[in-house]
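*Asks:* sequence unknown, structure follows:
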């Protein structure tokens, strides 16, 4: 039998399904129990005792099972004290009442995920009266009923709030609702700002407690960012700003200084042609004045390899890259790998319409990929689907493995 400390380390490693990208802060992220953990818990009583707190730490529950969970917690206090995060979902009229009956029996509950549910004053009051709950996660503020007006929202964290930048003469209900809830102690993790061309410098003097990110949806009007230095200086938790092009904005305007050099180079006759669909900025340190381009979503209409070389020269800190190929040129997979290896921080790669355009040297003599699964009915459609699947898997594996080895050899 392994020592308890070593077994605990193994169990903690197996506890949850790993995520490709943690797009949310830890306190707003719901983790999924790994099937491997359940298997380990069935080995013997000793393993089950160690695994139990992890298995029940993050629980999803629907309204029709809430009273069953309540009864289970009454009869088995060990399970009740293991539950630290609860994702509740109620869709019938008895759901809110059953949820309020369940809460008092969860003595170590720290966070409740209410995204997808409508809050009411009674439920909000019950959660704020609970002695150990510190976070109540909700979705968009637009889903909250207009009559919802509790006196205390200090534990509520909204995942995002959509606002439409107003003109001086407009009455803006989403903004008014957001300001009212913030005054009652609520925090908002992300602001989704539509019509950002209307934002003026005084927007930079507003405060949004807890905000960690901005999404700006760009249309046709020119966006001025004179408000940006003020709002970034007063929000130390603001670490990410994303710009989404909804009207060919980056083709018509080169107004953002972080993009101007590369867009100017393309417009002056560079050998590649592309335009960004979205751009992500990250701030390495709180209250820092330096913002880095760490994410790009590009539509490439010509010269994919030249595009990657140009982008890597201007944006060496990219960790997330999405490429959508809008041309029919064939590319050697090894040339693509060499170009991708010029991004030393790259962790996530999204490829659209690219695998069909890739070729390898061996392909003229033999197919280096093998079928991934046997075919039940080897008709023409299934054979083609299996070939495409195995080809994509082979190219993706080669890109991931060779890029890693190439970076190691050059570091």
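*Replies:* Noted; the coordinates are in hand. Worth saying up front: this structure is predicted, and the values here are computed from it rather than measured.

*Asks:* remind me which residues of the protein are low pLDDT?
*Replies:* Counting by pLDDT under 70, the ranges of the chain that qualify are 1, 17-31, 142-149, 166-174, 269-272, 361-378, 402-411.

*Asks:* What ranges does it have for its helices?
*Replies:* Taking DSSP state H, the helices of the chain run over residues 4-14, 35-41, 45-55, 63-75, 77-82, 95-102, 121-129, 173-183, 228-233, 249-252, 260-267, 304-314, 333-340, 380-410.

*Asks:* What lies in contact with the shortest one?
*Replies:* Surrounding helix 249-252, the residues in contact under the criterion C-beta atoms under 8 Å, 6 or more residues apart in numbering are 218, 219, 220, 223, 259, 263, 275, 276, 279. In this view, the C-beta of every residue, glycine as well, is placed from N, C-alpha and C.

*Asks:* Buried residues of it, list them for me.
*Replies:* 249, 250 (16 or more other C-beta atoms under 10 Å).

*Asks:* cool, the third one as well?
*Replies:* Using 16+ other C-beta under 10 Å as the burial criterion, the residues of helix 45-55 that qualify are 47, 50, 51, 52, 53, 54, 55.

*Asks:* what's the angle between that helix and helix 4-14?
*Replies:* Here the directions of helix 45-55 and helix 4-14 differ by 40 degrees (axes from the mean of the first three to the mean of the last three C-alpha atoms, to 10 degrees).

*Asks:* Any idea how far helix 45-55 is from the middle of the chain?
*Replies:* Here the centre of helix 45-55 is set off from its chain's centre by 30 Å, with C-alpha atoms, centre = their mean, to the nearest Å.

*Asks:* what about residue 309, distance to residue 303?
*Replies:* 9 Å (C-beta to C-beta, to the nearest Å).

*Asks:* Between the two, tell me which one has more neighbours.
*Replies:* residue 303 (18 against 15; other C-beta atoms under 10 Å).

*Asks:* ok so, going back, in JSON lines, list the contacts of helix 249-252 along with neighbour count and distance to residue 85.
*Replies:* Formatted as JSON lines, these follow (neighbours: other C-beta atoms under 10 Å; distance: C-beta to C-beta, whole Å):
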{"residue": "218", "neighbour count": "26", "distance to residue 85": "36"}
{"residue": "219", "neighbour count": "14", "distance to residue 85": "38"}
{"residue": "220", "neighbour count": "11", "distance to residue 85": "43"}
{"residue": "223", "neighbour count": "20", "distance to residue 85": "38"}
{"residue": "259", "neighbour count": "19", "distance to residue 85": "39"}
{"residue": "263", "neighbour count": "20", "distance to residue 85": "44"}
{"residue": "275", "neighbour count": "17", "distance to residue 85": "41"}
{"residue": "276", "neighbour count": "23", "distance to residue 85": "36"}
{"residue": "279", "neighbour count": "23", "distance to residue 85": "33"}
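
*Asks:* and those as CSV, adding distance to residue 129?
*Replies:* Formatted as CSV, the contacts of helix 249-252 follow (distance: C-beta to C-beta, whole Å):
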residue, distance to residue 129
218, 44
219, 44
220, 49
223, 44
259, 49
263, 54
275, 53
276, 48
279, 44
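
*Asks:* Can you list which of the residues you listed are found in strands?
*Replies:* Those of the contacts of helix 249-252 mapping onto strands are 218, 275, 276, 279, per DSSP state E.

*Asks:* Can you spell out which residues form a bridge with the last one?
*Replies:* Just to be clear, that refers to residue 279. residue 243, residue 296 (DSSP bridges).

*Asks:* And the second one, by the same measure?
*Replies:* Taking DSSP bridges, one finds residue 299 as the beta-bridge partners of residue 275.

*Asks:* which residues sit in contact with it?
*Replies:* So residue 275 contacts 245, 248, 250, 251, 298, 299 (C-beta under 8 Å, 6+ apart).

*Asks:* which pair in the residues you listed spans the largest distance?
*Replies:* 248 and 298 (13.7 Å; C-beta to C-beta).

*Asks:* The two: who's more crowded?
*Replies:* Comparing residue 248 with residue 298 by other C-beta under 10 Å, the one with more neighbours is residue 298, at 22 against 13.

*Asks:* ok, now how distant is that one from residue 225?
*Replies:* From residue 298 to residue 225 the distance is 22 Å (C-beta to C-beta).

*Asks:* Please apply the same query to residue 192.
*Replies:* On the measure of C-beta to C-beta, residue 192 and residue 225 end up 17 Å apart.

*Asks:* what does stretch 99-107 contact?
*Replies:* 61, 63, 66-67, 69-70, 73-74, 80-81, 83, 86, 88, 90, 109, 122-123, 126-127, 130, 132.

*Asks:* Buried among those residues? Need that as a selection in PyMOL.
*Replies:* With 16+ other C-beta under 10 Å as the criterion, this PyMOL line picks the buried residues out of the contacts of stretch 99-107:
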select buried, resi 61+63+66+69+70+73+80+81+83+86+88+90+109+123+126+127+130
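
*Asks:* In contact with the residue lying closest to residue 54 once chain neighbours are set aside, which residues are there?
*Replies:* Among residues not flanking residue 54 along the chain, residue 15 sits closest, at 4.2 Å (C-beta to C-beta, 6 or more residues apart in numbering). By C-beta under 8 Å, 6+ apart, residue 15 lies in contact with 31, 33, 34, 37, 54, 57.

*Asks:* Now rank those residues by neighbours and give me the top one.
*Replies:* residue 54 (21 neighbours).

*Asks:* from what I can see that residue touches residue 38, true?
*Replies:* No - between residue 54 and residue 38 there is no contact under C-beta atoms under 8 Å: 10.0 Å.

*Asks:* ok, back up a step: ok, the contacts of residue 15 vs residue 3, which is closest?
*Replies:* Nearest member of the contacts of residue 15 to residue 3, counting by C-beta to C-beta, is residue 54, at 18.1 Å.

*Asks:* residues touching the closest one, list them.
*Replies:* 11, 12, 15, 16, 33, 37.

*Asks:* Also residue 63?
*Replies:* 88, 89, 90, 91, 92, 94, 95, 98, 99.

*Asks:* If we use 6 Å, what do you get?
*Replies:* 90, 92, 95, 98 (C-beta atoms under 6 Å, 6 or more residues apart in numbering).

*Asks:* can you check residue 96 too?
*Replies:* residue 123.

*Asks:* mind giving me TSV with the helices of the chain and columns for distance to residue 202?
*Replies:* Shown next, in TSV, are the helices of the chain (distance: least, C-beta to C-beta, whole Å):
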stretch	distance to residue 202
helix 4-14	49
helix 35-41	52
helix 45-55	49
helix 63-75	45
helix 77-82	49
helix 95-102	40
helix 121-129	32
helix 173-183	13
helix 228-233	9
helix 249-252	23
helix 260-267	26
helix 304-314	32
helix 333-340	43
helix 380-410	46
